[in-house]
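>>> I'd like to go over a predicted model; first the sequence, then the structure.
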Amino acid sequence: MESCRSSLSLTSSNADAIRPESSHRLTGEVHVIIGPMFAGKTTALLRRIKSASNSGKNVVMIKSSKDTRYAVDSVVTHDGAKFPCWALPHLSSFRQKFGEDAYNELDVIGVDEAQFFDDLYDFCCNVADRDGKIIVVAGLDGDYLRRSFGSVLDVVPLADTVTKLTARCELCGKRAFFTLRKTEETKTELIAGADVYMPVCRHHYATGQEVIQSSKNVMGSRTITSNLEALPSLI
Ligand SMILES: [Zn+2]
């Protein structure tokens, strides 16, 4: 991982940092929005980006080109709200593709589905520390096995704020902190929606994993989903 390069130093070049034309260098911020699927992360991100845009800031949204569930050139929330965006495989290519002059004019950058970008840490460092911009990052903190997903948690030490959102447990309606995968597919990056994933509370995550495991062992994968639907009556 490339180390974080700050534009500030204790040498004579430090004088640049306090000149008015360079003062924007001191205004960079990193904000991180995490949570399980269906927690409203993209909605929260869009709200911040639209609010910045409405107050006259230059904004842009970036999402991973791996996620083509809704549209390649828009960020779309689960409830249908849309915003134009750049779909990229890596964040490092953004500046060059967006154009140097346009990049310099940017105030706020939103990154959706941030777990799919492995160069997230360096990008956040460069955007906030070196270029003095605000970056708002939204993504899954954990995968379906509750392991750290991609580089999202790596940027927490860089962040001004971290917001963990929750969803509603699909089985009992309580607050959901985790994403349960309803199938036996074991690939970490399985991009899908409510047909494969559901938000669950701690109790139903643990119970759900048990059901999936026993279905796999005893009955085969086809019965997993119907068994999960029967979960409330099993407890
Ligand atoms: Zn529950």
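Received, thanks. Residues are numbered from 1 along each chain as shown.
>>> okay, the residue nearest the centre of the chain and Phe116: tell me how far apart.
The chain has Gly139 as the residue nearest its centroid, 1.5 Å off, counting by Cα atoms, centre = their mean. Gly139 sits 8 Å away from Phe116, going by Cβ to Cβ, to the nearest Å. (Glycine included, C-beta is placed from N, CA and C.)
>>> give me the common contacts of those two.
Common neighbours of Gly139 and Phe116 are listed as Gly150 (criterion: Cβ atoms under 8 Å, 6 or more residues apart in numbering).
>>> give me every residue that touches the closest residue to Arg202 other than its chain neighbours.
Distance criterion Cβ to Cβ, 6 or more residues apart in numbering; nearest residue to Arg202, sequence neighbours excluded, is Phe177 at 6.5 Å. Contacts for Phe177 (Cβ under 8 Å, 6+ apart) come out as 35-36, 164, 166, 201-202, 205.
>>> kindly provide the distance from the nearest residue to Gly40 once chain neighbours are set aside to Phe123.
Using Cβ to Cβ, 6+ apart and skipping the chain neighbours, the partner closest in space to Gly40 is Leu165 (5.6 Å). Noted for Leu165: a distance of 22 Å to Phe123, by Cβ to Cβ.
>>> who has more neighbours, those two?
Phe123 (23 against 17; other Cβ atoms under 10 Å).
>>> need the pLDDT of the more buried one.
On pLDDT, Phe123 comes in at 98.
>>> helix, strand or coil for it?
Three-state call for Phe123 (DSSP: H, G, I helix; E, B strand; the rest coil): helix.
>>> was I right about it contacting Leu88?
No: contact criterion Cβ atoms under 8 Å: Phe123 and Leu88 do not qualify, at 10.5 Å.
>>> which neighbours do the two share?
Phe94.
>>> which residue ranges of the chain form helices?
14-18, 41-54, 94-98, 100-105, 120-124, 202-214, 224-229, 231-234 (DSSP state H).
>>> buried ones in the longest one?
Yep, that's helix 41-54 we're talking about. Neighbour counts over helix 41-54 (16 or more other Cβ atoms under 10 Å) mark 41-42, 44-46, 48-49, 52-53 as buried.
>>> neighbouring contacts of that helix?
Applying Cβ under 8 Å, 6+ apart, the external contacts of helix 41-54 come out as 31, 33-35, 59, 61, 75-79, 81, 83, 107-108, 110, 112, 134, 136, 138-140, 163, 165.
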